[in-house]
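S.K.: Sequence and predicted structure below; questions after.
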Amino acid sequence: MTHRLKLGIAGLGTVGVGVWKLLNENRERIFANAGCELEITAVCARNADIDRGIDLKGVRWVDNAVELASSDDIDIFVELIGGEEGIAREAVETALAHGKHVVTANKALLAHHGNELAAIAEKHNVALNYEAAVAGAIPIVKSLREGLAGNNVSSVVGILNGTCNYILTKMASEGREFADVLSDAQKMGYAEADPTFDIGGHDTAHKLAILTCLAFGSRIDFNSIYLEGIEAITQADLKAVHELGYCIKLLGVAIRTDSGIEQRVHPSLVPLTSPLAAIDGAFNAVAVEGNYSGKIILQGAGAGQKPTASAVIADIIDIARVNALYPLGREVAKLAPYQRARMRAHEGGYYVGLAVHDRPGAVAAIAKRFGEQEISLESIIQRGTDTQSGEDAEGGGQQSVVLIIHETAEAALREALASIEADGHIADRPRMIRIEKTI
Ligand code: HSE
């Protein structure tokens, strides 16, 4: 072991402290695998005075992450600040431009600026590694960039947000309300600083944008992702779908279609028999289908201090092994332009929930609208609502009607639902959740 690599860590929050602890705890093994010694020479964080439970003696404290990024006493800049703009972006750009390798857990930064950052890394012949940005401890970046590099990938489907999976699991298994379960996830340190990034699906979309690039060799295109969060999912939905043999998961889906690549994030009905249905709590899973590999499913801890630190250290070890690959799997110049598939061209099965005015002919009129669009129904459940007063504004009752719809074009379903709304037989906007059978 002849050389020593010097690390500068920017950000000493949950993950930064985890990296510090792992490096100390598994020191011998990490050095052996890296083929050299690794030393944290400098750190930077917002507040120098708080007790983080780690001994920073002998380590240079730097107040500014950009200054740290260009310091002579570091070889690898480890960015654990977060955020797509501001200091994180400036510091990573600075580090790369100064010939420092970068390891980051920042999915928002990669999703929005990954193409440009990878080009800077290529220009300066340094690594930009980001395993911790997607699915915590699961080595999905490495799997796509290396293990599956010879395959034509047809789909990537993942449960990529621990907070949402935790919320949906607990709501379904314990009958608890959304807000109550969200505050648990926050206390456990899974949720983003602003949890609307989790529940609105943005965090999943950030991760999906990165995976799509690696899977299909196209430029990262976050803005092309169709996005829906889990805010509207109710106890009634969860109970109804369970009776029908499904659970609800927030999925990130990227599929190669004839018209381009479909990228979407939305709550999906997943058959209870699917391996993804068994992914509970804050766990993540990613299923990839390659033309020679077949389907591969990776699952594990997707958030939290230890799993994320595990991925950061793996990236550092890769650099130490002089294993700097193209950050996006191929030269940025050779990335194809992202070709977006139209969401309305999406075809699949659907769950539709309707609050129907309880009057003669209402359900028949609704069925007629589906028929007009040649949409065929797999099953239908009708019952008086138990979540609402059962009285509508017109003084009549309401029926909850839940339908499972066979494979159909999304455009046709949207037409049918628009007609049903216009007919005035329903009390609320229709609820529509796509059934995911890719997995
Ligand atoms: N807020 C994220 C999650 C953290 O809940 O999965 C890991 O990226």
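M.R.: Looks like it arrived, so ask away. Numbering: from 1, shown residues only.
S.K.: If you count neighbours, what's buried in stretch 346-356?
M.R.: The neighbour-count check on stretch 346-356 (16 or more other C-beta atoms under 10 Å) flags His346, Gly348, Gly349, Tyr350, Tyr351, Val352, Gly353, Leu354, Ala355, Val356 as buried. Any C-beta I mention is one placed from the backbone N, CA and C, and that applies to glycine too.
S.K.: need the residues you listed in CSV with distance to Ala108 and pLDDT, can you?
M.R.: Compiled in CSV, these are given as follows (distance: C-beta to C-beta, whole Å; pLDDT from 0 to 100):
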residue, distance to Ala108, pLDDT
His346, 26, 82
Gly348, 29, 90
Gly349, 32, 94
Tyr350, 31, 96
Tyr351, 31, 96
Val352, 33, 96
Gly353, 32, 95
Leu354, 36, 95
Ala355, 37, 94
Val356, 41, 95
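S.K.: Identify the bridge partners of Pro271.
M.R.: Tyr246 (DSSP bridges).
S.K.: What distance do you get for the most far-flung residue of the chain relative to its centre to the ligand?
M.R.: Farthest-out residue of the chain from its mean C-alpha position, per C-alpha atoms, centre = their mean: Pro360, at 44.6 Å. Plainly put, Pro360 is 48 Å away from the ligand if you go by C-beta to the nearest ligand atom, to the nearest Å.
S.K.: domains of this protein?
M.R.: 4-133, 140-301, 350-435 (automatic domain parsing).
S.K.: Figure out how far the helix or strand containing Lys239 is from the centre of its chain.
M.R.: For Lys239, the host element (DSSP states H and E) is helix 235-243. Distance of helix 235-243 from its chain centroid, counting by C-alpha atoms, centre = their mean, to the nearest Å, is 24 Å.
S.K.: who's in contact with that helix?
M.R.: 168, 171-172, 175, 177, 247-248, 269, 272, 351, 353, 381, 385-387, 400, 402, 431, 433 (C-beta atoms under 8 Å, 6 or more residues apart in numbering).
S.K.: what do you get for stretch 38-47?
M.R.: Here stretch 38-47 has contacts from 4-13, 16, 20, 23, 30-31, 56, 59-65, 67-68, 71, 73-74, 316, 320, using C-beta under 8 Å, 6+ apart.
S.K.: Of those residues, which belong to helices?
M.R.: Gly16, Trp20, Leu23, Ile30, Phe31, Ala65, Glu67, Leu68, Ile316, Ala320 (DSSP state H).
S.K.: Buried ones among those?
M.R.: Gly16, Trp20, Leu23, Ile30, Phe31, Ala65, Leu68, Ile316, Ala320.
S.K.: did I read that right, Thr408 in a strand?
M.R.: Yes: per DSSP: H, G, I helix; E, B strand; the rest coil, Thr408 lies within a strand segment.
S.K.: Could you find the closest non-adjacent residue to it?
M.R.: Ile375 (4.9 Å; C-beta to C-beta, 6 or more residues apart in numbering).
S.K.: Which strand or helix spans the one you found?
M.R.: Taking DSSP H and E as the definition, Ile375 sits outside all helices and strands.
S.K.: that older thread, take the buried ones among the ones in helices among the contacts of stretch 38-47 and write them to a markdown table, including pLDDT.
M.R.: Listed next are these as a markdown table, based on pLDDT from 0 to 100:
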| residue | pLDDT |
| --- | --- |
| Gly16 | 96 |
| Trp20 | 97 |
| Leu23 | 96 |
| Ile30 | 92 |
| Phe31 | 91 |
| Ala65 | 97 |
| Leu68 | 98 |
| Ile316 | 96 |
| Ala320 | 90 |
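S.K.: Close to the ligand: what parts of this protein are there?
M.R.: Asn161, Gly162, Thr163, Tyr190, Ala191, Glu192, Asp198, Asp203, Gly302, Ala303 (C-beta under 6 Å from any ligand atom).
S.K.: Distance to Ile255 added to these, as CSV?
M.R.: Converted to CSV, the residues of the chain next to the ligand look like this (distance: C-beta to C-beta, whole Å):
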residue, distance to Ile255
Asn161, 19
Gly162, 23
Thr163, 24
Tyr190, 27
Ala191, 28
Glu192, 26
Asp198, 23
Asp203, 20
Gly302, 21
Ala303, 25
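S.K.: Among those residues, name the ones in helices.
M.R.: Counting by DSSP H, those contribute Gly162, Thr163, Asp198, Asp203 to helices.
S.K.: list the contacts for the third one?
M.R.: Under the criterion of C-beta under 8 Å, 6+ apart, the neighbours of Asp198 are Asn161, Thr163, Cys164, Ala185, Tyr190, Ala191, Glu192.
S.K.: Next up, the contacts around the fourth one.
M.R.: Read it as Ala185. So Ala185 contacts Gly162, Thr163, Tyr166, Ile167, Ala191, Pro195, Asp198, Ala282 (C-beta under 8 Å, 6+ apart).
S.K.: related to what we said a few turns ago, grab the CA positions of the helix holding Lys239 and hand them over as PDB.
M.R.: Output of helix 235-243 as PDB, limited to C-alpha atoms (Å, rounded to 0.1, in the frame of the first residue of the first chain):
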ATOM      1  CA  GLN A 235     -57.800   4.500   3.100                       C
ATOM      2  CA  ALA A 236     -60.800   3.600   0.900                       C
ATOM      3  CA  ASP A 237     -58.500   3.200  -2.100                       C
ATOM      4  CA  LEU A 238     -56.100   1.000  -0.100                       C
ATOM      5  CA  LYS A 239     -58.900  -1.200   1.200                       C
ATOM      6  CA  ALA A 240     -60.600  -1.500  -2.200                       C
ATOM      7  CA  VAL A 241     -57.500  -2.500  -4.100                       C
ATOM      8  CA  HIS A 242     -56.500  -5.000  -1.500                       C
ATOM      9  CA  GLU A 243     -59.800  -6.800  -1.900                       C
END
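S.K.: what's the average pLDDT for it?
M.R.: Helix 235-243 carries an average pLDDT of 93.
S.K.: Tyr166 sits in which helix or strand?
M.R.: helix 162-174.
S.K.: Next secondary structure element downstream of that helix?
M.R.: In N-to-C order, the element after helix 162-174 by DSSP H and E is helix 178-187.
S.K.: List the buried residues of that next one.
M.R.: Result for helix 178-187 [16+ other C-beta under 10 Å]: buried residues Phe178, Val181, Leu182, Ala185.
S.K.: now it and helix 162-174, what's the angle there?
M.R.: Helix 178-187 and helix 162-174 are oriented at 130 degrees to each other (axes from the mean of the first three to the mean of the last three C-alpha atoms, to 10 degrees).
S.K.: Just the strands from the stretch 1-150 of the chain, written as ranges.
M.R.: 4-10, 37-44, 60-61, 76-79, 101-104, 128-129 (DSSP state E, counting those that start in this stretch).
S.K.: got these as JSON lines, with mean neighbour count columns?
M.R.: Output for the strands of the stretch 1-150 of the chain, formatted as JSON lines (neighbours: other C-beta atoms under 10 Å):
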{"stretch": "strand 4-10", "mean neighbour count": "23"}
{"stretch": "strand 37-44", "mean neighbour count": "20"}
{"stretch": "strand 60-61", "mean neighbour count": "13"}
{"stretch": "strand 76-79", "mean neighbour count": "27"}
{"stretch": "strand 101-104", "mean neighbour count": "28"}
{"stretch": "strand 128-129", "mean neighbour count": "28"}
